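Enquirer: attaching a predicted model along with its sequence, questions to come.
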Amino acid sequence: MAILTEPIGSIPRPASLIQSIAAFQAGKVSRENLEEAYADALRDTITRLERTGSPVITDGEQTKPSFATYPLSGLDNLASDGVTIPFADGHVRQLPRLTRAPFRYGVHAASYLQAAREYTQARIKQAVISASALSLLYPSTGIPDYPREAFLADLIDEAEKDIRGALDAGADTVQIDFTEARLSLKLDPSGSLLRSFVALNNQVLDRFSPVERLRIGVHVCPGGDQDSTHSADVDYEALLPDLFQMNVDRFYLQMASEPDRKRILRRVSQLLGPNRTIFIGVIDPIHPVVETPAEVRDRVLEAASFLPAVQLGTTDDCGFAPFADDTSTAREIAFSKIQARVEGTEMAARELGL
């Protein structure tokens, strides 16, 4: 395909898996039964992603509790009363709070890629959570004998291991989920928090060579959970100058749901620079209607009127179900939307003569 196209990550879990998770948590099924449900969901997700024609697939994040908290699985130094993230519809997600040293990942992303590889030979993309998101685990009151500086040093080490492990395991690309970027401007309109997030993530990225960074990208969106967002009311244009200070070569940008795409695409064109690829969101995961391939084509052509076609890719605005309990989008609709993205991108490439 002359125009690159990739998914963001998550796919809605089958009802059978969600039921198995609930039954396991209630003590009604064994760990073995739960693992069988995970394997069935993973196998089915990969098979159906391959059927969409997508040249790059993910594991659908079927076995992650969420895109943000997978590294925390199995840790015993967390409390449940951490930072809260309110969404526009009134529901809230809450992060844990670190209670004592040291900070280590309980799970690294490479394990998900290795599990997916058992079911496919396709190119697999691996999403990882940003260091900046996990920095929110550290309490504002501090931790005795574990200053914030020591925590951040441990966090940077772990975030590097997460990305490097996925690259070494054969990930086609590694995508850093940085959805708190736009939210940070809601919390701190001065941009100071956003700049601190970018600087922290760059401390991780600076540990990779220029060749390695060709396979690393960053994803931003206004959140997408239970058909709601946490920061769509923040002007996207205010985010972009600092975002493009990230030391990566791939940017995955929510765009399909943006009310004034042309204004934002124009600003992206001013910030792009050479040798970077911009994956424009052409699918809105939280909109219930499946886009047609023709609609996708038109969105790609619109983007190509602002950005060089050789630096253009397509993606979905966000994952379809970033939290394991999100059932707001039907599984069938997610696969249909992905197929429309693939077909519409091919149509646009033909019209552009690529």
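Expert: Now that the structure is in, tell me what you want to look at. Numbers count the residues shown, from 1 in each chain.
Enquirer: C-alpha only now, for contacts and for neighbours.
Expert: Will do.
Enquirer: for residue 352, grab phi and psi.
Expert: Here is the backbone geometry of residue 352 (degrees, to the nearest 10): phi -80, psi 0.
Enquirer: check contacts around it.
Expert: Contacts for residue 352 (CA atoms under 8 Å, 6 or more residues apart in numbering) come out as residue 301.
Enquirer: helix, strand, or coil at residue 288?
Expert: coil (DSSP: H, G, I helix; E, B strand; the rest coil).
Enquirer: mind checking how far it is from residue 227?
Expert: Applying CA to CA, to the nearest Å, the value for residue 288 to residue 227 is 9 Å.
Enquirer: joint contacts of those two?
Expert: Common neighbours of residue 288 and residue 227 (CA under 8 Å, 6+ apart) are residue 329.
Enquirer: between those two, point out the one with more neighbours.
Expert: residue 227 (19 against 14; other CA atoms under 10 Å).
Enquirer: where along the protein do the helices fall?
Expert: Here the chain has its helices, by DSSP state H, at 15-25, 31-51, 110-117, 131-134, 148-168, 180-187, 192-205, 210-213, 236-243, 261-271, 293-304, 331-351.
Enquirer: contacts for the fifth one, please.
Expert: What it means is helix 148-168. Taking CA under 8 Å, 6+ apart as the rule, helix 148-168 contacts 101-105, 108-110, 113, 126, 128, 130-131, 134-135, 138, 142, 173-174, 200, 203-205, 207.
Enquirer: can you check what angle separates it from helix 192-205?
Expert: 50 degrees (axes from the mean of the first three to the mean of the last three CA atoms, to 10 degrees).
Enquirer: make residue 1 into 34 and carry on from there
Expert: Got it, the first residue is 34 from now on, which makes the last one we talked about helix 181-201.
Enquirer: tilt between helix 181-201 and helix 143-150?
Expert: If you take the same axes, to 10 degrees, helix 181-201 sits at 20 degrees to helix 143-150.
Enquirer: and helix 181-201, how far out from the chain middle?
Expert: With CA atoms, centre = their mean, to the nearest Å as the basis, helix 181-201 stands 18 Å off its chain's centre.
Enquirer: just the third one next, same as before
Expert: On the basis of CA atoms, centre = their mean, helix 143-150 is displaced by 16 Å from the centre of the chain it belongs to.
Enquirer: packing partners of it?
Expert: The helices and strands touching helix 143-150, judged by 3 or more CA pairs under 8 Å, 6 or more residues apart in numbering; DSSP states H and E, are helix 64-84, strand 156-162, helix 181-201.
Enquirer: just to revisit the earlier point, mark which of the contacts of helix 181-201 are buried, thanks.
Expert: Neighbour-count burial (16 or more other CA atoms under 10 Å) applied to the contacts of helix 181-201 gives 136-138, 141-143, 146, 159, 161, 163-164, 167-168, 171, 206-207, 233, 236-238.
Enquirer: how near is the residue nearest the centre of the chain to residue 368?
Expert: Central residue of the chain (CA atoms, centre = their mean): residue 210, 3.9 Å from the mean position. Look at residue 210 and residue 368: by CA to CA, they are 21 Å apart.
Enquirer: residue 204 now?
Expert: 22 Å.
Enquirer: with residue 145 instead?
Expert: Going from residue 145 to residue 368 by CA to CA gives 20 Å.
Enquirer: need the pLDDT of the closest residue to residue 230 other than its chain neighbours.
Expert: For residue 230, ignoring the flanking residues on the chain, the nearest one in space by CA to CA, 6 or more residues apart in numbering is residue 165 at 5.2 Å. pLDDT, residue 165: 98.
Enquirer: is it true that residue 324 touches residue 316?
Expert: Yes: using CA atoms under 8 Å, residue 324 is in contact with residue 316, at 6.9 Å.
Enquirer: just to revisit the earlier point, for the residue nearest to the centre of the chain, what are its contacts?
Expert: By CA under 8 Å, 6+ apart, the neighbours of residue 210 are 100, 160-163, 251-253.
Enquirer: by neighbours, which of the residues you listed wins?
Expert: Using other CA under 10 Å as the neighbour test, these are led by residue 160, with 32 neighbours.
Enquirer: count of neighbours near the closest residue to it other than its chain neighbours?
Expert: Leaving aside its chain neighbours, residue 160 sits nearest to residue 208 (4.6 Å; criterion: CA to CA, 6+ apart). Residue 208: 25 surrounding residues under other CA under 10 Å.
Enquirer: my guess is residue 208 meets residue 250, correct?
Expert: Yes: using CA under 8 Å, residue 208 is in contact with residue 250, at 4.8 Å.
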